[in-house]
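Engineer: need coordinates for the below:
(2 chains)
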Amino acid sequence: MKTNEIFNFKRFGKYFGSDIRTCRANFGLSLITISLLFPIVIYIISIAFNRILNNEWVGPGADLRLFVFAISMVCIIVTMPVKCYGKITEKQYGSLWLTLPASRLEKFISMVILSCILMPLTGAALSLGIDAVICGLDHTCGSSIAKEGLDWIRNLDETKEVTLNLMYESLEIKDAAVAQNIINQLSSPWLYIDEIFGITLPFLLGAIFFKNGKTVKTFLALFAFSSIMSIAMTPLMVSWAKDILSAFENLTDEALILSFLNNGFFRNLVLIDTISDLLLNGALLAGIWFRIKTLKH
Amino acid sequence: MIQIKDLGFSYGGFPVLKNITMNLEEGRIYGLLGENGVGKTTLLTLISGLKKPLTGSIDTDGHNPYEREPSFLSDQYYLSDEVAAVNMKAIDYAVNYGRFWENFDLAKFNEVMQILENDPQKKMTTMSFGQLKKTYIAFALACNTKYLFMDEPTNGLDIPSKAQFRKAVMKYTREDSVILISTHQVRDLENIIDPIIILDRQEVLLNAGIAEISEKLYFDYSNEVNQSALYREMVPGGNIQVSLNQTSEESKVNLEALFNTVYQHKELIKEIFNK
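Structural biologist: As a prediction, this is how the structure comes out:
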């Protein structure tokens, strides 16, 4: 097959634009409702409850708003693939999608970008935006989630130092290099950034794999997968647990704690996490690609 | 040209098509007829690349349809019997998707919509099935593709729309196009389809042009009963009788009578037309 038949930038741009418009038509209203309505509703409920129970005007705190933000993001990630791509398993929508003159690779890339990056980011931006507006209008809510987050990133070094000092005090660890490494590993963005793919890709695969009951079946498949993984990993975890338990039983035993924190796993936490995420996400992407390739109507 | 060779397909071990061999040539509007479940839709979806042949091959100008190469897809359009109510206005749908077909003509889309008395500004989710079907027919014709496959296009259309559909197909398709229309409603398409392909379970019973059919079969609309007729049907005001044309007399082909004749005399018809 010619390269132009596999991928063409101009055609991809055209397809991506069309895919965005189709997604906006199918999911735009839901995206706005979930992103904007959740923070507004929780604000109204908080104000109403505080007014009735405590006779005071106090908006929802940062913890509650962060929780609502997380819930709305989960709702977007779970529902978006079904709304935007779920119908390709139905004959009337699927035959149009399959015969649309763009390559499989272009359709695949556009689908992944929209589901894993663009839609969650748009939802997050809308949700954080309305939260900032609410906090700007009503100062009883405190700082907005976005501001809190930016402050946290800005003060990351300070936070690291405080955590390090706490570790020195509580664990009496004198080996600064080991503790510093643990803090650096845990605060690395690479530990968290790729997680978004690990959360969104299963729901995208579920949306195009199952013909009906897509979300429920995806949750059940995830539950089954985690159960199998737990059983498979049990022998490994048991041996790890022994080390962890003995470390916590002897919190003052610095040598043991140091050897525990200084083992290969903790020293290469980010690398191990990135590799395992790459493998898992790679398998999910391969599943999505294979489904697109073999979809028939 | 589409070349189909020894094509076979089955659903979970149940064979639907077996050793289908035929060519579909340019500049023709083929009518694909057959009883329910003989594989008309399956054949259309195989030709348009929505399914993978189990055996044999389909060659469309050097392309294997199942590869779904963009250059191949941009020169064909498949209109499914079930159409989707996309959450967009008809005109927005045409603009959004039409750009993928090189020869798409928005003006033609609006013209056909007008002929079919359909409102392009109406949201597709609020349209009736017939209106949706008209929108997709307008879109299919506006794509200006060389290959156009339509599965039961007149299903759901009201009586005036069926005439408008015939008019639009005749007016707005390319001269070099290969059009394949599957239908049960033979009367809806009687004057536009030529040649006729009649499918039976797993095989092609007839693949012939109207001229050839008229040359080999005689359609008698008189009241006189012909004892040697292959098929006879009483209709208001007389009969339709189909017999072998032994006098080379010309007659108007009646598709329903032809269909019934072919189904009642499968071996004879195959023998006559495969000579």
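Engineer: where does the residue of the stretch 101-250 of chain B found nearest chain A land in three-state SS?
Structural biologist: Distances between the stretch 101-250 of chain B and chain A by Cβ to the nearest Cβ are smallest at B:W101, namely 6.4 Å. Backbone N, C-alpha and C define where each C-beta goes, glycine included. Assigned with DSSP: H, G, I helix; E, B strand; the rest coil, B:W101 falls in the coil class.
Engineer: what number of residues lie near the nearest residue in space to it that is not next to it in sequence?
Structural biologist: Closest residue to B:W101 apart from its sequence neighbours, by Cβ to Cβ, 6 or more residues apart in numbering or on different chains: B:C143 at 4.2 Å. As a burial measure, B:C143 scores 25 neighbours (other Cβ atoms under 10 Å in any protein chain shown).
Engineer: can you pull the pLDDT of B:C143?
Structural biologist: Looking at B:C143, its pLDDT stands at 97.
Engineer: would you confirm that it contacts B:F104?
Structural biologist: Yes: under the criterion of Cβ atoms under 8 Å, B:C143 makes contact with B:F104 at 5.3 Å.
Engineer: give me the common contacts of the two.
Structural biologist: The contact sets of B:C143 and B:F104 overlap at B:G98 (Cβ atoms under 8 Å, 6 or more residues apart in numbering or on different chains).
Engineer: in chain A, which helix or strand is least confident?
Structural biologist: The weakest-scoring helix or strand in chain A, judged by mean pLDDT, DSSP states H and E, is helix A:254-261 (a mean of 66).
Engineer: how about the secondary structure of the closest residue to B:T173 other than its chain neighbours?
Structural biologist: In space, and not counting its chain neighbours, B:T173 is closest to B:I179: 6.1 Å by Cβ to Cβ, 6+ apart. Secondary structure for B:I179, judged by three-state DSSP, is strand.
Engineer: number of nearby residues for A:Y93?
Structural biologist: Neighbours of A:Y93 using other Cβ under 10 Å come to 21.
Engineer: got the contact list for it?
Structural biologist: Contacts were defined as Cβ under 8 Å, 6+ apart; by that measure A:Y93 touches A:K87, B:A84, B:V86.
Engineer: now the last one: how far from B:G49?
Structural biologist: Right, the one you point to is B:V86. Going from B:V86 to B:G49 by Cβ to Cβ, to the nearest Å gives 21 Å.
Engineer: my read is that B:T173 contacts B:M150, right?
Structural biologist: No: assessed by Cβ under 8 Å, B:T173 is found out of contact with B:M150, at 10.7 Å.
Engineer: higher neighbour count, the two?
Structural biologist: Taking neighbours as other Cβ under 10 Å, B:T173 and B:M150 compare with B:M150 leading, 26 against 20.
Engineer: remind me which residues of chain B are low pLDDT?
Structural biologist: For chain B, no stretch has pLDDT under 70.
Engineer: show me where it has its strands.
Structural biologist: Along chain B, counting by DSSP state E, strands occupy B:2-11, B:14-24, B:28-34, B:55-60, B:76-79, B:147-151, B:178-182, B:196-200, B:203-208, B:217-220, B:231-235, B:238-244.
Engineer: any idea of the angle the longest one forms with strand B:28-34?
Structural biologist: Spelled out, that is strand B:14-24. Here the directions of strand B:14-24 and strand B:28-34 differ by 160 degrees (axes from the mean of the first three to the mean of the last three Cα atoms, to 10 degrees).
Engineer: got the angle for strand B:14-24 vs strand B:147-151?
Structural biologist: Going by the same axes, to 10 degrees, strand B:14-24 makes 140 degrees with strand B:147-151.
Engineer: just the buried residues of strand B:14-24, please?
Structural biologist: B:V16, B:L17, B:K18, B:I20, B:L24 (16 or more other Cβ atoms under 10 Å in any protein chain shown).
Engineer: out of those residues, which touch chain A?
Structural biologist: Among these, not one lies near chain A by Cβ under 8 Å from any Cβ of the partner chain.
Engineer: out of the residues you listed, flag the one nearest to A:K10.
Structural biologist: Nearest to A:K10 among the buried residues of strand B:14-24, counting by Cβ to Cβ, is B:L24 at 31.5 Å.
Engineer: so what's the spatially closest residue to that closest one that is not a sequence neighbour bridging to?
Structural biologist: Leaving aside its chain neighbours, B:L24 sits nearest to B:I2 (4.1 Å; criterion: Cβ to Cβ, 6+ apart). Using DSSP bridges, the bridge partners assigned to B:I2 are B:L24, B:T60.
Engineer: so what's B:I2 up against?
Structural biologist: B:N23, B:L24, B:I47, B:I58, B:D59, B:T60, B:Y147, B:V178.
Engineer: what's the burial count for B:P160?
Structural biologist: Neighbours around B:P160, by other Cβ under 10 Å: 10.
Engineer: out of everything not next to it in sequence, what's closest to it?
Structural biologist: For B:P160, ignoring the flanking residues on the chain, the nearest one in space by Cβ to Cβ, 6+ apart is B:E117 at 7.7 Å.
Engineer: got it, and B:A257?
Structural biologist: Counting by Cβ to Cβ, 6+ apart, B:A257 lies nearest to B:I240, which is 4.6 Å off, once chain neighbours are set aside.
Engineer: quick one: contacts for the one you found?
Structural biologist: B:F219, B:D220, B:Y221, B:Y231, B:R232, B:E233, B:N254, B:A257.
Engineer: likewise A:A125?
Structural biologist: Taking Cβ under 8 Å, 6+ apart as the definition, A:A125 has no contacts.
Engineer: export the strand or helix carrying it to CSV, keeping only CA atoms.
Structural biologist: With elements taken from DSSP states H and E, the one containing A:A125 is helix A:119-137. Output of helix A:119-137 as CSV, limited to C-alpha atoms (Å, rounded to 0.1, in the frame of the first residue of the first chain):
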residue,chain,number,x,y,z
MET,A,119,-12.0,16.1,25.4
PRO,A,120,-10.6,15.5,28.9
LEU,A,121,-8.6,18.8,28.6
THR,A,122,-11.6,20.7,27.4
GLY,A,123,-13.7,19.3,30.2
ALA,A,124,-11.0,20.1,32.7
ALA,A,125,-10.6,23.7,31.4
LEU,A,126,-14.3,24.3,31.5
SER,A,127,-14.7,22.8,35.0
LEU,A,128,-11.6,24.7,36.4
GLY,A,129,-12.8,27.9,34.6
ILE,A,130,-16.3,27.9,36.2
ASP,A,131,-14.7,27.0,39.6
ALA,A,132,-12.4,30.1,39.2
VAL,A,133,-15.4,32.2,38.3
ILE,A,134,-17.4,31.0,41.4
CYS,A,135,-14.4,31.5,43.7
GLY,A,136,-13.8,35.0,42.1
LEU,A,137,-17.4,36.0,42.8
